[in-house]
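Colleague: Sequence first, predicted coordinates after that:
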Amino acid sequence: MKIAVLPGDGIGPEIVAQAAKVMEALRKDGLPIELEYAHIGGAGYDAAGDPLPDATLKLAKESDAVLLGAVGGYQYDNLPRPQRPEQGLLRIRKGLGLFANLRPAMVYPELVNASSLKPELVSGLDIMILRELTGDIYFGQPRGIRTLENGERQGFDTMHYSESEIRRVAHVGFQSAMKRGKKLCSVDKANVLDTSMFWREIVTEVAKEYPQIELSHMYVDNAAMQLVRAPKQFDVILTGNIFGDILSDEASMLTGSIGMLPSASLDANNKGLYEPCHGSAPDIAGKDIANPLATILSVAMMMRYTFARVDVAQRIETSVRKVLQQGLRTGDIYEAGMQKIGCAAMGDAVVESL
Ligand code: IPM
Ligand code: MG
């Protein structure tokens, strides 16, 4: 289990350090885990003038899986776009061919009051957003800022999806629905966009290979509304890159605790990059108050998807549940009556529980 570890920026290093403690404990228990560290994001820019240094991409390619903290920080906000931390993330996704991004949003019974929605709307919520991650308007060419003939400047991007891009992510969607509630909702904007019309056509075609799955289609504006109206109607949501970016943030907040949500970005062979859904939170970096559980749960996803060790994944997830049951909370999920602890103490508690 050769794992590239890319702590990144902001709270990245401190949360990844907790996940590393967990992996170290698993290694002592006999799992053949090997960790190797490299820079990404602002840390890559500081170390090598590039948010994705060549050495980092090389290490990631040679590894079985990648664990990433987060990227971004105020000090990089005014860099030209190619040097900005986010580019490191976009390039590693593209460079490793990580087209399938799984973003689960589930509500832990212990944290049901943390949601901004009424407990009855979210209690028991367990949805999986599958976001296509290497196509769409994020990567479409041409793009840029140009001057029109009348002298006015114009910004432009290109949205497109090829048939093979839609097909492969649709298969991942149907297969993950098979392992869950057997419902797939494909989200698009087919009433306006040709790209979406085509997306819907191909998803409908792929569906014929999965007669057990109940397929529905929904416009993205309606999906945004349904997510806050009746989120439990969803099982797997399949969508493109930009809609998935937006809906997954919305869905994460249903759980009230973005600090709890892991994610997996997979290629065609289940090689994956695993990272918390949240960002680098520069305002709280270095204060030992960040929640490391999303990163620790990302290790669980890694065990499940890349290494096919469901047993180890469940062991990590159970340990996290136990820690919550003990009443231990970082600040972001704290409520009266619980015991507030820091990032490192939370990592220690999970290792203890493991
Ligand atoms: C995400 C983030 C990234 C994205 C940014 C940081 C480039 O918002 O992972 O959702 O837009 O994909
Ligand atoms: Mg996002």
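Modeller: Noted; the coordinates are in hand. Ligands and ions are numbered 1, 2, ... in the order given.

Colleague: So K322 sits against S353, correct?
Modeller: Yes - counting by C-beta atoms under 8 Å, K322 touches S353, with 4.5 Å between them. Glycine gets a C-beta too; all of them are placed from N, C-alpha and C.

Colleague: So which of those two has more stuff around it?
Modeller: S353 (18 against 15; other C-beta atoms under 10 Å).

Colleague: what kind of secondary structure is the residue lying closest to that one once chain neighbours are set aside in?
Modeller: Excluding its sequence neighbours, the residue lying closest to S353 (C-beta to C-beta, 6 or more residues apart in numbering) is S319, at 4.0 Å. Judged by DSSP: H, G, I helix; E, B strand; the rest coil, the three-state class of S319 is helix.

Colleague: What residues does S319 make contact with?
Modeller: 350, 353-354 (C-beta atoms under 8 Å, 6 or more residues apart in numbering).

Colleague: for A20, same thing?
Modeller: Counting by C-beta under 8 Å, 6+ apart, A20 has contacts 5, 35.

Colleague: domain ranges for the chain?
Modeller: Structurally, the chain divides into domains by automatic domain parsing as follows: 1-115+261-354, 118-133+160-255.

Colleague: Quick one: the ones you listed as TSV, columns for mean pLDDT too.
Modeller: Below are the domains of the chain laid out as TSV (pLDDT from 0 to 100):
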stretch	mean pLDDT
domain 1-115+261-354	96
domain 118-133+160-255	97
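
Colleague: want to throw those into JSON lines with distance to R143?
Modeller: Shown next, in JSON lines, are the domains of the chain (distance: least, C-beta to C-beta, whole Å):
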{"stretch": "domain 1-115+261-354", "distance to R143": "11"}
{"stretch": "domain 118-133+160-255", "distance to R143": "11"}
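
Colleague: nearest to G140, of those?
Modeller: Among those, domain 118-133+160-255 comes nearest to G140, with 5.0 Å by C-beta to C-beta.

Colleague: That closest one and ligand 1 in contact?
Modeller: Yes - applying C-beta under 6 Å from any ligand atom, one finds domain 118-133+160-255 touching ligand 1 at D245.

Colleague: Would you map the helices across the stretch 51-200 of the chain?
Modeller: 54-62, 85-95, 119-122, 163-178, 194-207 (DSSP state H, counting those that start in this stretch).

Colleague: Please name the residues that touch S116.
Modeller: Counted by C-beta under 8 Å, 6+ apart, S116 has contacts 253-254, 256.
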